[in-house]
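Q: What follows is a protein structure lacking sequence information:
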């Protein structure tokens, strides 16, 4: 009875929010959960194909989106939390959107991205059939604290999962691969085996220089992104585990990635650029196999997947092309910038740094990003955001000449200035933290250049 | 003129944007035509006490802190102590600051002995001080972001780096932030601390250059971006408390 009441309350909240043209990605869930804390458990019980949870520092949203598309292609009706609402309230909100007023979830599968800090709290309620961990990097330290502690908590939660849960782990990330030790059931590993992907030089922001098992230094045959790569411990027997889903060849193009994967009839192509999206695609494929979705369905779905909010979204305004790149932490920043510069272009940028809770109150992470590489290539940068001055200072110490940088306060003025510095027919790259991206997108939407972010 | 910097334990003690501090020292010296060389030294490598004018020692995770504590208990600790006695300057942030003190007492497990070159003692607690910090020192202001659960108490030989006006600082009680003893500066400000506090960066440069070049008057730089970021951070610190 309580569940029905909570469902009503949540759904009513949603109706009111939608009627007032606001995004209803979390608040209905918060209302319903306040009334019935066990609502999540009740709502997911009816999903015939079960629940998949996707967690990790980066790539959750895109991987979840790919997997939901594969499930739909297989004829399933997945419930999926969108727009990055990845706390318990966001998951409940997504279930409520489709639930009957009697508190029964519609759809037959749950594809949920779960904030890595929320995993210990919600995993028990969700009883996932499959749990995907994409990667573990240093993130907003004020919120997630240290990555070691996060990995420990995640490991402790995994130890409570039944053996029937299938764990899908990134073999190339030693912190993630180490989680397999804590699981009693099946583990499927994915990774990039193409020797041409990655270099031999250690990257400055690595969070896993040392073996998670014995603390001896790790050695790398190949470094792909941050501490992802082909690693092994120099002292104990902990090595990169054999890959169940491996890309033997990765072809990077300006707008797509094409992977050769053992056991696939055709190459796996995703219309998103960058090595990090190769990892996302491999995670989605491994999870889709764990769920029993045919490879043919996954291949078709991934080939047409559309980017999520700020994840390489493409828009147009005033004859200029725009590419929206969301950045949240050093590993994500470096991955996104690598993908951008791989095409050899000299980008014109609108770079925006804010410090609201969803961005991280602490802006020190920008000093761990390889801004030097971006500054060396950038044609011009318009800097804005609530902490524009911090970002401008970062660009200065990265070597960007003063005449290549303009600091503009205010979302509207900054967006207009950035468009004005971009020639007609040219491309403007928008690099922004979460709430800054929302604000810039709202400006573009107000002028009719973009839809509202929850209307995807 | 030249300047030699060693970044200590960059793989183990570098989680709070610490690279930015080294970058800032490097750039601000280079902008004054001072040739800079930066080397790194981590656990298991051999520290040459004669070489560097300036050491940077950043903050780390618990695991890093243990490995570094063990390394400092070996010959490298003695080398760093002798370098400091020989006049090298040091900037230590958060975990590095704690390890330069007498000891760090974690909540559980054995006490990690520090190098003992700073007259401070740190004890871990359950509460964590996370947030923007603003402090004052001789008319200058110090801005930063603190994120620590260790409470540090100063002994008589160390003087506070600054007086907290917004935030917690060393222990949340006596309004002190950081410590200065000889040419060593310890602080809980990361974020990174030096880019947004150019006066502190220049103070360290002056101390470091003194070792081999005597008293050096640094030329003035155009710090408009530094000042803008400093003021913005100060505004944030004032508005959040």
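A: Arrived safely, thanks for sending. The structure presented is a predicted model; accordingly, all values stated were derived computationally and were not measured.
Q: Tell me how far the residue at minimal distance from the centre of chain A lies from residue A:281.
A: In chain A, the centroid-proximal residue (C-alpha atoms, centre = their mean) is residue A:59; its distance is 2.7 Å. Separation of residue A:59 from residue A:281 (C-beta to C-beta, to the nearest Å) stands at 10 Å. Where C-beta positions appear, they are placed from N, C-alpha and C, glycine not excepted.
Q: Name all residues that sit in contact with the two at the same time.
A: Any residue near both residue A:59 and residue A:281 by C-beta atoms under 8 Å, 6 or more residues apart in numbering or on different chains counts here, and not one turns up.
Q: just the strands in chain B please.
A: With strands called from DSSP state E, chain B shows them at B:2-8, B:35-41, B:54-57, B:89-93, B:103-105, B:112-113, B:120-137, B:140-154, B:162-166, B:176-177, B:179-181, B:184-187.
Q: Reformat those strands as JSON lines; add mean pLDDT, distance to chain A and mean neighbour count.
A: Converted to JSON lines, the strands of chain B look like this (pLDDT from 0 to 100; distance: least, C-beta to the nearest C-beta, whole Å; neighbours: other C-beta atoms under 10 Å in any protein chain shown):
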{"stretch": "strand B:2-8", "mean pLDDT": "97", "distance to chain A": "11", "mean neighbour count": "22"}
{"stretch": "strand B:35-41", "mean pLDDT": "96", "distance to chain A": "10", "mean neighbour count": "15"}
{"stretch": "strand B:54-57", "mean pLDDT": "96", "distance to chain A": "13", "mean neighbour count": "27"}
{"stretch": "strand B:89-93", "mean pLDDT": "97", "distance to chain A": "10", "mean neighbour count": "28"}
{"stretch": "strand B:103-105", "mean pLDDT": "91", "distance to chain A": "16", "mean neighbour count": "19"}
{"stretch": "strand B:112-113", "mean pLDDT": "88", "distance to chain A": "15", "mean neighbour count": "18"}
{"stretch": "strand B:120-137", "mean pLDDT": "93", "distance to chain A": "5", "mean neighbour count": "19"}
{"stretch": "strand B:140-154", "mean pLDDT": "94", "distance to chain A": "5", "mean neighbour count": "22"}
{"stretch": "strand B:162-166", "mean pLDDT": "97", "distance to chain A": "14", "mean neighbour count": "20"}
{"stretch": "strand B:176-177", "mean pLDDT": "98", "distance to chain A": "17", "mean neighbour count": "24"}
{"stretch": "strand B:179-181", "mean pLDDT": "98", "distance to chain A": "21", "mean neighbour count": "21"}
{"stretch": "strand B:184-187", "mean pLDDT": "98", "distance to chain A": "13", "mean neighbour count": "26"}
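Q: Among those, which comes closest to residue A:394?
A: Nearest of these to residue A:394, taken as C-beta to C-beta: strand B:140-154 at 14.4 Å.
Q: just checking, what packs against that closest one?
A: Here strand B:140-154 touches helix A:141-144, helix B:95-100, strand B:120-137, helix B:193-196, helix B:198-213, helix B:224-239, going by 3 or more C-beta pairs under 8 Å, 6 or more residues apart in numbering or on different chains; DSSP states H and E.
Q: Now render these as a markdown table, adding distance to residue A:179.
A: Converted to a markdown table, those look like this (distance: least, C-beta to C-beta, whole Å):
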| stretch | distance to residue A:179 |
| --- | --- |
| helix A:141-144 | 16 |
| helix B:95-100 | 25 |
| strand B:120-137 | 25 |
| helix B:193-196 | 34 |
| helix B:198-213 | 41 |
| helix B:224-239 | 36 |
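Q: related to what we said a few turns ago, surely the residue nearest to the centre of chain A is in contact with residue A:135?
A: Yes: Residue A:59 lies in contact with residue A:135 (C-beta atoms under 8 Å); the separation is 6.6 Å.
Q: what mean pLDDT would you report for the biggest helix by length in chain A?
A: What stands out as the longest helix in chain A, according to DSSP state H, is helix A:2-19. In this model, helix A:2-19 has an average pLDDT of 72.
Q: what's downstream of that helix, the next helix or strand?
A: helix A:27-35 (DSSP states H and E).
Q: how far is stretch B:143-151 from where the chain is centred?
A: Computed by C-alpha atoms, centre = their mean, to the nearest Å, the chain-centroid distance of stretch B:143-151 equals 12 Å.
Q: quick one, domains of chain A?
A: Using automatic domain parsing, the domains assigned to chain A come out as A:48-85+A:108-303, A:311-446.
Q: Tabulate these in CSV, adding columns for mean pLDDT.
A: Conversion of the domains of chain A to CSV gives the following (pLDDT from 0 to 100):
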stretch, mean pLDDT
domain A:48-85+A:108-303, 91
domain A:311-446, 94
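Q: State the distance from residue B:56 to residue B:118.
A: 15 Å.
Q: can you tell me which residues contact the spatially closest residue to residue B:193 that is not a sequence neighbour?
A: In space, residue B:193 comes closest to residue B:144 once its chain neighbours are excluded; the distance is 5.0 Å by C-beta to C-beta, 6 or more residues apart in numbering or on different chains. Residue B:144 makes contact with B:132, B:133, B:187, B:188, B:189, B:190, B:191, B:193, B:196, B:197, B:233 under the criterion C-beta under 8 Å, 6+ apart.
Q: same thing but 10 Å
A: Neighbouring residues of residue B:144 by C-beta atoms under 10 Å, 6 or more residues apart in numbering or on different chains: A:362, A:364, B:16, B:93, B:132-135, B:162, B:167, B:169, B:177-178, B:187-194, B:196-197, B:200, B:233, B:237.
Q: what's the span of stretch A:302-318, first residue to last?
A: End-to-end span of stretch A:302-318 (C-alpha to C-alpha, to the nearest Å): 31 Å.
Q: Quick check, central residue of chain B?
A: Short answer for chain B (C-alpha atoms, centre = their mean): residue B:92, at 2.4 Å.
Q: Would you mark the buried spots in stretch A:298-314?
A: A:298-299, A:301-303, A:305, A:307-313 (16 or more other C-beta atoms under 10 Å in any protein chain shown).
Q: Equivalent analysis for stretch B:78-89, please.
A: B:79, B:80, B:81, B:83, B:84, B:88, B:89.
Q: Could you pull out the strands in the stretch 251-400 of chain A for me?
A: A:257-261, A:268-270, A:311-317, A:320-326, A:348-352, A:380-384 (DSSP state E, counting those that start in this stretch).
Q: JSON lines for these, including distance to residue A:80?
A: Putting the strands of the stretch 251-400 of chain A into JSON lines (distance: least, C-beta to C-beta, whole Å) gives the following:
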{"stretch": "strand A:257-261", "distance to residue A:80": "22"}
{"stretch": "strand A:268-270", "distance to residue A:80": "18"}
{"stretch": "strand A:311-317", "distance to residue A:80": "15"}
{"stretch": "strand A:320-326", "distance to residue A:80": "18"}
{"stretch": "strand A:348-352", "distance to residue A:80": "28"}
{"stretch": "strand A:380-384", "distance to residue A:80": "32"}
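Q: what's the closest of these to chain B?
A: Minimum separation from chain B across the strands of the stretch 251-400 of chain A (C-beta to the nearest C-beta) falls at strand A:380-384, 10.0 Å.
Q: Next, the angle strand A:348-352 makes with that closest one.
A: Strand A:380-384 and strand A:348-352 are oriented at 20 degrees to each other (axes from the mean of the first three to the mean of the last three C-alpha atoms, to 10 degrees).
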